[in-house]
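Engineer: Let me see the structure of the following:
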Amino acid sequence: MSARQHTPVVPLEAGAGPENPPCPACGEPLFGWLSAQPGLTGPVRRCESCGLGVVGEAGDVEAALRELDRLGDRGGARIANRGSFAGSLGSAGWAGLEPGCRYLFTLESVRRLVAHRDQVVKSARWQPGASLAATWQTLLNSVTFGHNAALGALGRGGSAPAPRRWQRRIDALASVVLAIPALAIALPIELAGALTGRGAVLSLRFELL
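Structural biologist: Here you go, the predicted structure:
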């Protein structure tokens with residue numbers, strides 16, 4: 001047998017410890033993803049099993065469910081999908097990293113969370129307008145000093161403006177000049193996301209088992 005076939009498979013549980021607390025959704029260890037970002041309360045971890053992202057302290061199931069209900073109600077929610085193409089491509093520039101957020105949901109993490117209150121995800125619908133805007137902003141974030149400057153200026157979400165005035169001026173100019181090119185790139189990304197279940201924004205409906 002080859003050396004590759006002899007390579008042992010290390011389970012995720014092996015990474016559990018004080019630096020990698022359990023995921024509120026599925027219990028697997030949370031691993032470091034991003035350092036503290038402007039507008040966020042701490043570094044960002046992510047679960048390699050269900051994809052949930054957590055800003056700062058991990059919290060528990062109840063805290064994550066309260067955050068989910070804040071995005072809708074017990075019957076459904078609209079989430080910025082951390083498992084989207086935009087989330088994967090954008091990393092620290094992902095538009096879903098809005099100031100004040102704590103939990104960054106994926107469809108799978110929501111399924112596991114609502115199962116704790118005997119619910120299932122009945123439907124998950126791609127939101128084309130919101131998804132396109134989120135991916136467009138994610139692309140713009142790659143060339144601006146601030147975060148979500150364009151959507152913030154349009155009143156479409158929270159933003160973390162650049163600290164210096166000259167930086168904010170450059171961000172405004174870049175957002176205008178690159179708006180159309182970024183939109184041209186965002187459109188095929190979101191169409192692919194819609195076809196594969198990896199759209200940037202999803203509207204979810206829940207029902208009891």
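Engineer: Determine the number of other residues adjacent to residue 26.
Structural biologist: Residue 26 is surrounded by 18 other residues when neighbours are defined as other CB atoms under 10 Å. For glycine as for every other residue, the C-beta is placed from the backbone atoms N, C-alpha and C.
Engineer: What residues does the closest residue to it other than its chain neighbours make contact with?
Structural biologist: Setting aside the residues directly before and after it, residue 26 is nearest to residue 50 in space (CB to CB, 6 or more residues apart in numbering), at 4.5 Å. The contact partners of residue 50, by CB atoms under 8 Å, 6 or more residues apart in numbering, come to 23, 25, 26, 28, 106, 108, 109, 112.
Engineer: Looking at those, spot the one nearest residue 176.
Structural biologist: residue 106 (32.7 Å; CB to CB).
Engineer: re earlier: out of the contacts of residue 50, what pair is the most spread apart?
Structural biologist: With CB to CB as the measure, no two of the contacts of residue 50 lie farther apart than 28 and 106, at 13.1 Å.
Engineer: So which of the two has more stuff around it?
Structural biologist: Applying other CB under 10 Å to residue 28 and residue 106 shows that residue 106 carries more neighbours, namely 24 against 19.
Engineer: I'd say that one and residue 48 touch.
Structural biologist: No. No contact is recorded between residue 106 and residue 48 when judged using CB atoms under 8 Å, the distance being 11.5 Å.
Engineer: quick revisit: now, the contacts of residue 50 that are in helices?
Structural biologist: Using DSSP state H, the subset of the contacts of residue 50 located in helices is 108, 109, 112.
Engineer: quick one: which of the residues you listed has the most company?
Structural biologist: Tallying neighbours with other CB under 10 Å puts residue 109 at the head of the ones in helices among the contacts of residue 50, with 28 neighbours.
Engineer: Tell me which residues touch it, please.
Structural biologist: For residue 109, the set of contacting residues under the criterion of CB under 8 Å, 6+ apart consists of 23, 25, 26, 47, 50, 51, 52.
Engineer: Quick check: the closest residue to the first one other than its chain neighbours vs residue 25, distance?
Structural biologist: When you say that, I think you mean residue 23. With CB to CB, 6+ apart as the criterion, residue 23 has its nearest non-adjacent residue at 3.9 Å, and that residue is residue 47. The span separating residue 47 from residue 25 equals 7 Å under the rule CB to CB, to the nearest Å.
Engineer: Could you list the low-confidence segments of this structure?
Structural biologist: Under the criterion pLDDT under 70, the flagged ranges of the chain are 1-18.
Engineer: in it, which spans are strands?
Structural biologist: 30-34, 44-47, 53-55, 72-73, 76-80, 103-104, 119-126, 201-208 (DSSP state E).
Engineer: Find the nearest non-adjacent residue to the most centrally placed residue in the chain, please.
Structural biologist: Centroid-nearest residue in the chain, with CA atoms, centre = their mean: residue 82, separated by 2.9 Å. Nearest residue to residue 82 in three dimensions, chain neighbours excluded: residue 104, at 4.3 Å (CB to CB, 6+ apart).
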